[in-house]
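[1] Sharing a model prediction with you, sequence too.
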Amino acid sequence: MTSGTIARLAQQLRAALGGEAVVTDRTRLLTYECDGLAQYKVTPALVVLPRTTAQVADVVRACIAAQVPYVARGSGTGLSGGALPHADGVLVVLSQMRAVVDVDPATQRAVLEPGVVNLQVTRSAAAYGYYYAPDPSSQQICSMGGNVAENSGGAHCLKYGFTTNHVTGLEVVVPDGTVVRLGGRAPDPPGYDLIGAFVGSEGTLGITTEVTVRLTRAPETVRTLLAAFPSTDEAGGAVSAIIGAGVVPAAIEMMDALAIEAAEAAVHCGYPDGAGAVLVVELDGPRAEVEAQFTEVERHCHENRAFEIRIARDEAERALFWKGRKSAFAAVGRISPDYIVQDGVIPRTALPEVLRRIAALSDGSGVRVANVFHAGDGNLHPLVLFDDAVAGQTEEAEQVSASILDLCIEHGGSITGEHGVGIDKARYLPRMYTEDDLDTMQMLRCAFDPHGLANPGKVFPTPRLCGEVPGRHKGPHPLQQAGLAEVF
Amino acid sequence: MAVEQPARDDLKKVARARLARGSKDAVGGVRARYVATPSSTEEVAEVLRVAAQHDLAVVARGAGTTLDWGAPPTRADLIVDTTAMSGVVDHAAGDLVVVVRAGTPVGELQDAVAAAGQRLALDVPDADATVGGTLAVSPSGPRRLLYGTARDLLIGITFVRADGVVAKAGGRVVKNVAGYDFGKLLTGSFGTLGVITEATFRLHPLPAARRVVTVSCPDAATAGRAALAVLGSQVVAAAVELDQGGDGRVQVAVLLEGVAAGVVDRTRTVLDLLGQGASDDDALPDGFGRLPFEAGGTGLKVTTALTGVGPVLAACHRLAGEHGVPVTARGSAAGVLHVGLAADAQPEAVAAAVQALRLATAPFEGTVTVLTAPQGVRALVDLWGPVPGLELMRRLKDEMDPDHRLSPGRFVGGI
């Protein structure tokens, strides 16, 4: 890549998008050097801020013509480096496309531009008695386009599912520069489930320019309790008992002693003293349904030696329970100069075993690990604490973090439950999938992006050279070309 | 026979295989030459490698309950019968997860997990249908309103590619964003991307109690409004079904599932919502979740935004009169209706009705897919209608099955 290529591209895009939409100033470029995973930093060659779908398509077509890679970015809150720029590439920042196109309670759908912030969807729908269910912890700032790219989850996806279960329509600028509209307000569009393939593809299959999501009717009742246990063993036992009893809570979140300590230091959430673990359990739904199940949840907590149970009396108290949990990541900054947020998944029943193994890893290495997790679906967020200023600690922390992922894989889990693979975990993907599995996945990428320009270097450890596999035909089948396979 | 022999011999080396038996081993009227009945993923892989060597077009077949759905294949040399790959591999009850072989009948899977008080929250029109076939056609049933469809419940998949390579995607945990979600691509792909051999699903607890509230509405518009009222309420129905008879009356049935006390309470709320004439019962109404398709007739899947359910049902009734075709329509307030047109109807009239329905559902962003139809009708209609993204779908097919040997021609755009 020559600097001349980028200069020409900048000039061309200024002409197409207007001067203010193209950033080449070094100081301003630096503000985009990382996303929420700040340990990776790359200054993009060029930043563009398109305002319309047509402009996004212009950018992609210009990139193809110049053979310059591009990376899409929403609010830049991702935790796997998915929006890490390419040094020789264009960063396409979607934050200017932030119109709420439509909020329609009658069809229970909202149509949004990609820069719209997650929480804004719920705020726009609240007046009608609806909300948008997926609630990543970053929901106050993360964008819907980013949610689509990452298939974002959140505490409430145990009951309500992830982004992929709520998207019914997409407008996408495909890496060939064309604009495709998939689905809409009606369910089940015909053909392959390209929406299902696109959601969670981490910017490698194209750029979302509009998304249609399902709105969920606000529940009649929400009840939240906070239970304190002597240790994570008992708390884990309570989780298994609750789920085993056939209760599907809206959320079950767990924090261990170190995570509680951090949260207290940061937000003074007032969790019970001396707790080795706390659970935040939330039930929602029709009143009588919730009341009956709530009693059951309390009983299971008691039976598993909860020494204190608090039931939120009002919205303020509920918010306080959640405050400790939702601030946990940032809060560990109070007790450690640096930390790694891990995002592994295990089968729920393996929880006690895996937590003991994590404790052993921590004891053996001297690296402290605070545990915060979506216990209901086995999604662990161990926070591995270290001090970069102390020689060797960073490497030790990374070692512990990687070992935790191995534990997850060993127990039949996943290396990422909601943060994505991005740049951070591409090298771990082969531990979960065989070469054949990954080769198959790359076929999808090649179908969408034969030039390999859409967010290259992310998700997969090694790129596949599209169309260069021996014995594989390219282009339409001869029968189809002859019009013979065109029979409906 | 000189050419036949080596292919059959090679198939027999790797799996149970035989020559096809005429119309019994046909797909959409296209007679196959061989039938292989592999008993494992590895055997399927070997069978597909043999098929690749001999350039055999392959159609996977489960119980065959929906084998007439979709277009007939342009060729079908080999049927891969999946029914010998049957049974639950692992039911992790504590994790609410089940791993099951593709040839397992869905009814059998439900029985197996019911023993632990659990279920796969997926309705199939026929309990004999296999897991693999169900995934391949992705039927829409009543409980989709609350639980979604197969794509939403599938968390892991193993399949064999056209070149005989075994691939997996997803895993056995519900929450997992590692790698592309091939499970969703395979679901509803009519066997055109790979032969599904194993699936992992998330399960739900069996509800302790259920109640059905029904009301008979004089017309579709009234029924559509009643359904929307339930969707807009906070009763969280598991299903809201609409069933339109020949006289244009529409029965609305609201299924409530949950804990006993909750169901009692919610039943009262729904009775109030539906107003005069509504009644409640433990039993599901006749035909609940069954497709209103007549043997040998035309069966449509019609989708619409929620607000279009009433108007589209009304259009079905109107069209029945205008085109002189007996029409029955039934489906979910979630926006998916199944419409059956009589077997003895004039193909031209059916084709015209399909076209008119496409116009009726368009304002609601919906589509009409002809799932099954007699030969005369197939010749006159485009089974799938317009398919946005078709070019991308073709490219995916070309990547995964460059010789177009997996269920060729069965799917959208001749894929």
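    It's in.
[2] Could I get the full set of strands for the stretch 201-350 of chain A?
    Assigned by DSSP state E, counting those that start in this stretch, the stretch 201-350 of chain A shows strands spanning A:207-214, A:216-217, A:221-229, A:251-256, A:277-285, A:308-311, A:338-341, A:344-345.
[3] Flag every residue of the stretch 51-200 of chain A that's near chain B.
    Listed as neighbours of chain B in the stretch 51-200 of chain A under the rule CB under 8 Å from any CB of the partner chain: A:105-109, A:129, A:150-151, A:153, A:157, A:161-162, A:164-165, A:169, A:174, A:178, A:180-182, A:184-194, A:196-197, A:199-200. Backbone N, C-alpha and C define where each C-beta goes, glycine included.
[4] What's the ChimeraX syntax to select whichever of these are buried?
    Applying 16 or more other CB atoms under 10 Å in any protein chain shown to those, the buried members can be selected in ChimeraX as follows:
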select /A:105,107,108,109,150,151,153,157,161,162,164,165,169,174,180,181,182,184,185,186,187,188,189,190,191,192,193,194,196,197,199,200
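[5] In helices only, show me the residues of the stretch 51-200 of chain A next to chain B.
    A:150, A:157, A:194, A:196-197 (DSSP state H).
[6] low-scoring stretches of chain A, by residue?
    Residue ranges of chain A with pLDDT under 70: A:1-2, A:467-488.
[7] Run through the residues that contact the residue of the stretch 1-150 of chain A found nearest chain B.
    The nearest approach of the stretch 1-150 of chain A to chain B comes at A:Thr107, 4.4 Å away (CB to the nearest CB). Residues in contact with A:Thr107 (CB atoms under 8 Å, 6 or more residues apart in numbering or on different chains) are A:185, B:305-307.
[8] what sits against the closest residue to A:Pro272 other than its chain neighbours?
    Closest residue to A:Pro272 apart from its sequence neighbours, by CB to CB, 6 or more residues apart in numbering or on different chains: A:Ala228 at 3.8 Å. Listed by CB under 8 Å, 6+ apart, the contact partners of A:Ala228 are A:271-272, A:274-275, A:277-278, A:306-309.
[9] For the residues you listed, which two are the farthest from each other?
    The distance between the two most remote of the contacts of A:Ala228 (CB to CB) is 14.6 Å, for A:Gly274 and A:Ile309.
[10] Who has more neighbours out of the two?
    Taking other CB atoms under 10 Å in any protein chain shown, A:Gly274 and A:Ile309 do not tie; A:Ile309 has more neighbours (16 against 11).
[11] what separates the more buried one from A:Glu317, distance-wise?
    Noted for A:Ile309: a distance of 13 Å to A:Glu317, by CB to CB, to the nearest Å.
[12] What of B:Gly308?
    Applying CB to CB to B:Gly308 and A:Glu317 gives a distance of 43 Å.
[13] count of residues packed around residue 119?
    Just so you know, I chose chain A. Other residues close to A:Leu119 by other CB under 10 Å number 17.
[14] To clarify, I was referring to chain B.
    18.
[15] And A:Glu395, by the same measure?
    Residues near A:Glu395, counting by other CB under 10 Å: 10.
[16] what about it, helix or strand, and which?
    helix A:393-410 (DSSP states H and E).
[17] which residues touch that helix?
    A:338-340, A:342, A:344-346, A:354, A:357-358, A:361-362, A:365-367, A:369, A:380, A:382, A:384-388, A:414-415, A:425, A:428, A:431-432.
[18] quick one: A:Leu361 is in a helix?
    Yes: counting by DSSP: H, G, I helix; E, B strand; the rest coil, A:Leu361 is part of a helix.
[19] Contact partners for the closest residue to chain B within the stretch 51-200 of chain A?
    Closest contact between the stretch 51-200 of chain A and chain B, by CB to the nearest CB, is at A:Gly196 (2.8 Å). A:Gly196 makes contacts with A:164, B:151, B:181, B:184-185, B:187, as judged by CB under 8 Å, 6+ apart.
[20] Residue 379: what's it in contact with?
    Just so you know, I chose chain A. Here A:Asn379 is in contact with A:153, A:343-345, A:373, A:417-418, B:175 (CB under 8 Å, 6+ apart).
[21] please go with chain B instead
    B:Pro347 are the contacts of B:Ala379 under CB under 8 Å, 6+ apart.
[22] quick one on the thing from earlier: list just the nearest of the contacts of A:Thr107 to B:His404.
    Distances from B:His404 to the contacts of A:Thr107, taken by CB to CB, are shortest for A:Arg185, at 33.3 Å.
[23] Excluding chain neighbours, what is closest to that closest one?
    B:Ala305 (3.8 Å).
[24] thinking the one you found is in contact with A:Thr168, fair?
    No: in this structure B:Ala305 lies outside contact range of A:Thr168 using CB atoms under 8 Å: 9.2 Å.
[25] what sits in contact with each of those two?
    Contacts common to B:Ala305 and A:Thr168, judged by CB under 8 Å, 6+ apart, are A:109, A:184-186.
[26] re the thing from before, and the contacts of A:Asn379, which two are furthest apart?
    Spatial extent of these (CB to CB) is set by the pair A:Gly153 and A:Gly344 at 13.3 Å.
[27] tell me the contacts of the closest residue to chain A within the stretch 251-400 of chain B?
    Proximity of the stretch 251-400 of chain B to chain A (CB to the nearest CB) peaks at B:Gly262, 3.1 Å away. By CB under 8 Å, 6+ apart, the contact set of B:Gly262 is A:285-286, A:288-290, A:292, B:209.
[28] how about it, secondary structure?
    helix.
[29] returning to what we had before: and B:Gly308 and A:Glu317? which has more neighbours close in?
    Each of B:Gly308 and A:Glu317 has its neighbours counted (other CB under 10 Å); B:Gly308 has more, 25 against 15.
[30] I'd assumed A:Ala186 was in contact with the more buried one.
    Yes: in this structure, B:Gly308 is within contact of A:Ala186 by CB under 8 Å, at 7.5 Å.
[31] overlap in contacts of the two?
    Contacts common to B:Gly308 and A:Ala186, judged by CB under 8 Å, 6+ apart, are B:335, B:361, B:364-366.
[32] Chain B - how does it break down into domains?
    Residue ranges for the domains of chain B, per automatic domain parsing: B:1-206+B:388-415, B:209-281, B:298-378.
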